[in-house]
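>>> this is a predicted model, with the sequence first.
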Amino acid sequence: MDNELFDYSPIVDRAPLHWPSGARVAFYVGLNVEHYQVDRPSTSIFSGTAGLAPDPLNYGWRDYGPRVGIWRVIEALDRHGIRASALLNSDVAERNPQIIAAGVRRNWAWLAHGKNNSIFQADMSVDDERAYLADLVATIERATGRRPRGWMGPALTETFHTPRLLAELGLNYVLDWTNDDQPYRLNVPGVLSVPYSVELNDNTLFLGKATSGPDFVRIVEDQLDQLYAESADSGRVMALALHPFVIGQAFRIKYLDQALGAVANHPGVWLTTSDEIAEHYAVVSGLAQSARSDDHRFS
């Protein structure tokens with residue numbers, strides 16, 4: 001079938017995109033704040049036990065993130081004045097409220113990231129998915145004091161109905177479609193796609209490609225240098241995707257600190273959140289006005 005969610009738009013044919021204060025690259029950290037069920041398989045470091053329940057090896061590895069790793073990541077973000085765009089499983093509200101409290105104090109952006117990272121809605125009916133999304137969005141709003149504006153599905157999963165159902169709930173952008181260096185409109189009134197990355201992603205780099213710490217820093221710098229060069233006439237987005245159980249390991253954290261320092265000290269970089277990127281793009285592209293006409297919220 002044809003993809004009806006968005007149209008083809010080559011980046012070389014678009015009107016110039018300008019970020020605030022003359023910045024050329026909008027940078028945000030997509031911080032995955034997740035809960036995993038103890039009796040279901042998920043992201044694993046060792047496949048030999050991944051199908052067991054319980055699976056102490058892999059579950060414990062993932063659980064290192066909320067217990068230890070995220071606190072190292074928070075310290076690194078704080079050192080460089082970077083607010084996270086937290087991709088939040090709603091189950092974290094009950095299981096790890098201290099993390100949410102830390103993010104609220106730091107004025108993080110909060111994106112809905114499913115109920116947990118063990119349940120995908122890919123096979124849900126429309127009515128079941130509508131109820132599922134409404135419940136988790138309401139849970140995040142109660143826990144953080146702020147209704148989420150953005151969405152990223154667990155493992156970047158959606159149904160064909162997800163963007164429309166999110167729009168019904170007042171959300172106005174998604175990160176799941178990682179196919180661009182700029183935001184763009186979806187063919188759902190009032191909804192944007194904002195860039196995220198499965199390549200500039202600690203999970204992919206360290207686990208999928210066995211990248212070393214120094215190479216990770218070089219990759220972040222190379223990504224920024226190229227996007228900066230290309231942004232002379234039109235701005236770009238650079239997303240750095242992080243998982244606390246990966247980047248928050250003791251032997252890796254200094255490399256995150258180095259990478260964040262390279263970005264924070266680079267000229268022409270807007271240190272921001274995915275919420276602010278979506279909001280700015282909606283205004284400069286005229287989408288906010290059309291969205292208000294369609295009763296979709298952008299603030």
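Looks like it arrived, so ask away. Predicted model, so just to flag it, every value in this text is computed and none were measured.
>>> where do the helices of the stretch 151-299 of the chain begin and end?
162-168, 202, 213-230, 244-247, 253-264, 274-284, 287-293 (DSSP state H, counting those that start in this stretch).
>>> next, format those helices as JSON lines and append mean pLDDT, distance to residue 52 and mean neighbour count.
Heads up, the C-betas are built off the backbone N, CA and C, glycines and all. Putting those into JSON lines (pLDDT from 0 to 100; distance: least, CB to CB, whole Å; neighbours: other CB atoms under 10 Å) gives the following:
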{"stretch": "helix 162-168", "mean pLDDT": "98", "distance to residue 52": "31", "mean neighbour count": "21"}
{"stretch": "helix 202", "mean pLDDT": "98", "distance to residue 52": "25", "mean neighbour count": "25"}
{"stretch": "helix 213-230", "mean pLDDT": "98", "distance to residue 52": "31", "mean neighbour count": "16"}
{"stretch": "helix 244-247", "mean pLDDT": "98", "distance to residue 52": "18", "mean neighbour count": "26"}
{"stretch": "helix 253-264", "mean pLDDT": "98", "distance to residue 52": "30", "mean neighbour count": "19"}
{"stretch": "helix 274-284", "mean pLDDT": "97", "distance to residue 52": "36", "mean neighbour count": "22"}
{"stretch": "helix 287-293", "mean pLDDT": "52", "distance to residue 52": "47", "mean neighbour count": "16"}
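>>> can you say which of these is nearest to residue 107?
When the helices of the stretch 151-299 of the chain are compared by CB to CB, helix 274-284 sits nearest residue 107, at 10.4 Å.
>>> what does the closest one contact?
When contacts are defined by CB atoms under 8 Å, 6 or more residues apart in numbering, helix 274-284 is touched by residues 17-20, 26, 28, 30, 85, 109, 111, 149-150, 172-173, 175, 182-183, 192, 194, 196, 237, 239, 287-288, 291, 298-299.
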